[in-house]
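1. Quick one, structure for this:
(chains A and B)
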Amino acid sequence: MSKKIGRGNSQTQATRRWAWLFLGPVVAAFTIGFVWPFIQGIYLSFCKFRITSDATFVGISNYQAALADPSFQHSFWYTAATAVVSLVLINVFAFAVAYALTQGIRGSNLYRTVFFMPNLIGGIVLGYIWSMIFDGILSHYDTSILLETKYGFWGLIILMCWQQIGYMMIIYIAGLQAVPEDMIEAAKIDGATKWQTLFRVIIPNVMPSITICTFLSLTNGFKLFDQNLALTGGLPYLIQPDGSTINTTEMLALNIYNTFYNSSTAARGTAQAKAVIFFVLVAGLGLAQLAYTRKREVQQ
Amino acid sequence: MDKQQTLAAERRNKAILSVVLAAICILWVLPVVAVVINSFKLNTFVKTDTFALPTSESWAGMANFVKGMTFGNYPFKSSVLYSVVITVLSTGLILVFCSMAAWYIARVDSLFCKALYFLCVFSMVVPFQMVMFTLSKTADVLKLNTPWTIPIVYLGFGAGLAIFMFVGFVKSIPLEIEEAAAIDGCGPVRTFFSVVLPMLKPTLISVGILEIMWVWNDYLLPVLVLDINKYRTIPIHIQYLKGSYGTVDLGATMALILLSIIPVIIFYLACQKHIIKGVAAGAVKG
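-> Now for the predicted structure:
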């Protein structure tokens, strides 16, 4: 980093003359695809609007409406539950599989290939594959995944495990392979059992991978959309005493989508406010991860 | 004697482990097997006999695939074409322009570069729902709502991760190589394209694979930006089979799902090593 200042100054000058070529296309697309929509999104969350051009400023009332919306509250808790349960299951299984695959078993590469495969299939397709499977089982009991919240919940958890275990496994395998061989050897000579070696030597050494995977599965869980839409689409409904309905398996991202596009256009301000709240939540998780990994790096 | 016993125990443990892993492995491919089986079944049998092999009674032959081609009042081959066009163009644009920008950001020390880099990292933690409404309106106004222009939107929204990864790699390349090129009379443009770009190859592959996987499977961005009566990508097409009212032909749906995952699985088996490496490299994205 420090090298580029002071040295090669004439070269930097020459490069600067080409800024329009090197930066121009990305800056233009980035402005269209991110910066402008983001700024406009923040502004519109304080407005009443149907289309982006007829916005009138209304202060924080959109945020009040969003936070008071029972379907939004429900989707928050439902999302949190899904994210936490899937986080625990995915990481425990992914670590176990990664650990097993680094024991020098024949065919490890084949297993790794198979476990990772679901990751390449898109969320919508995954949702329909699993909705066929669950309905294939549940139809024998005269019910469907769309009829009971608990089926929708566990169905989604199974789907997420199937999709993400292979991904986290790859990160854990990389972490496990970096554990110094002599450390494990030394533990063995000192008479440590397999379990002692695992908990006292191996796991402390793969903490960075564990941190990455924990945060990844948490943010993946919070941002989940395609799978949720395709598997249950939020069904079944629950009719509230006041006549409004809650989609009981609707997660935050889907709730925001439905508020934008599947309810009255008057609710668009509320939807944008929900989106900002969602952004703060997800970005908060991202920053927490960054701060946490930085802290660990300093310690090591 | 003692050593022999532990060796035998270890061998036994490994055998047990192999069996358990093999069992999980079979469990793991079952959903895909179910898709294959059901794509050859008549619609009425998909729901009731999901896990049975097709019998002479439930066998549909290629009928599901034939029906699938025009199922949902939209030609399947058009959605394949649009998916390919959008994925190839978007990935190409991202690789070329983001590597250029990343090199400039890493080599030129200016406030603008720092701000741009910060914005790129920042954009990685912003969920799509935050910008989806305003982005789709902006894209509409600027006529970026066709398969040939939507790659610009992908370049914009995907720039963050790509630039972040490229900058990380460029910083690890010693500056001396570029200085030598400059002394030999290379201008910045030539230095980048004939000296830096070839060295970026491993990162180009990693980023390329991440972008291909993202764009190919993406549903929400194209469904909001494109005019879906005219242009449907594969995920949109499959969603609209189910989304349209009335009964859905599950057999035909499974046939289309099978057709759409076959290329993905071939792609995976062909470049497995790069894919796994690329995914591990992209794990920084939250």
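2. need the helix or strand of chain B with the lowest average pLDDT.
-> In chain B, no helix or strand scores lower on mean pLDDT, DSSP states H and E than helix B:43-48, which sits at a mean of 78.
3. Which positions within stretch A:150-161 qualify as buried?
-> For stretch A:150-161, burial by neighbour count (16 or more other C-beta atoms under 10 Å in any protein chain shown) applies to A:Y151, A:G152, A:F153, A:G155, A:L156, A:I157, A:I158, A:L159, A:M160, A:C161. Placement of C-beta: from N, CA and C, glycine included.
4. Rounded mean pLDDT for the helix or strand containing A:I184, please.
-> Secondary structure from DSSP states H and E places A:I184 in helix A:181-189. Helix A:181-189 shows a mean pLDDT of 88.
5. Next, the residues that contact the helix or strand that that helix is followed by from outside, please.
-> Past helix A:181-189, further along toward the C-terminus, the next helix or strand under DSSP H and E is helix A:194-196. Residues from elsewhere that reach helix A:194-196, judged by C-beta atoms under 8 Å, 6 or more residues apart in numbering or on different chains: A:A187.
6. Please compute how far the helix or strand following helix A:194-196 lies from its chain's middle.
-> The first helix or strand that comes after helix A:194-196 along the chain, using DSSP H and E, is helix A:203-205. Centroid separation for helix A:203-205 versus its chain: 24 Å, with C-alpha atoms, centre = their mean, to the nearest Å.
7. Helix A:203-205 - what's its average pLDDT?
-> The average of the pLDDT scores along helix A:203-205 is 88.
8. And for that helix, what's in contact with it?
-> A:G175, A:A178, A:V179, A:P180, A:M183, A:I210.
9. can stretch A:63-79 be found next to chain B?
-> No - using C-beta under 8 Å from any C-beta of the partner chain, stretch A:63-79 stays clear of chain B, with a minimum separation of 11.9 Å.
10. Pull the residues that contact that stretch.
-> Outside stretch A:63-79, the residues within contact range by C-beta under 8 Å, 6+ apart are A:45, A:153, A:221-222, A:224, A:240, A:244-252, A:254-255, A:259, A:269-270, A:273-274, A:276-277.
11. Quick one: buried ones out of those?
-> Using 16+ other C-beta under 10 Å, the buried members of those are A:45, A:153, A:221-222, A:224, A:246-252, A:254-255, A:259, A:269-270, A:273-274, A:276-277.
12. residue contacts, A:I171?
-> Per C-beta under 8 Å, 6+ apart, neighbours of A:I171: A:S209, A:I212, A:C213, A:L216, B:A280, B:A283.
13. quick check, nearest of these to B:L259?
-> Looking at the contacts of A:I171 and their distance to B:L259, the nearest is B:A280, at 29.4 Å (C-beta to C-beta).
14. Thought A:M169 was touching the closest one, still the case?
-> No - proximity of B:A280 to A:M169 does not meet the contact threshold set by C-beta atoms under 8 Å, at 10.6 Å.
15. out of these two, which sits in the more crowded spot?
-> Relative neighbour count places A:M169 above the other of B:A280 and A:M169, with 26 against 16, counting by other C-beta atoms under 10 Å in any protein chain shown.
16. what residues are up against that one?
-> Under the criterion of C-beta under 8 Å, 6+ apart, the contact list for A:M169 reads A:A94, A:V97, A:A98, A:L101, A:R112, A:F115, A:F116.
17. Could you do B:D218 as well?
-> Here B:D218 is in contact with A:G122, B:T233, B:P235 (criterion: C-beta under 8 Å, 6+ apart).
18. centroid residue for chain B?
-> Centroid-nearest residue in chain B, with C-alpha atoms, centre = their mean: B:M213, separated by 0.7 Å.
19. so which helix or strand takes in that one?
-> Under the criterion of DSSP H and E, B:M213 resides in helix B:201-217.
20. Kindly report the same for A:I158.
-> Since the elements are taken from DSSP H and E, A:I158 ends up inside helix A:149-177.
21. before we move on, what about A:G127?
-> A:G127 is located in helix A:123-138, with elements delineated by DSSP H and E.
22. Quick one: distance of that helix to the chain centre.
-> With C-alpha atoms, centre = their mean as the basis, helix A:123-138 stands 21 Å off its chain's centre.
23. Cool, thanks, signing off.
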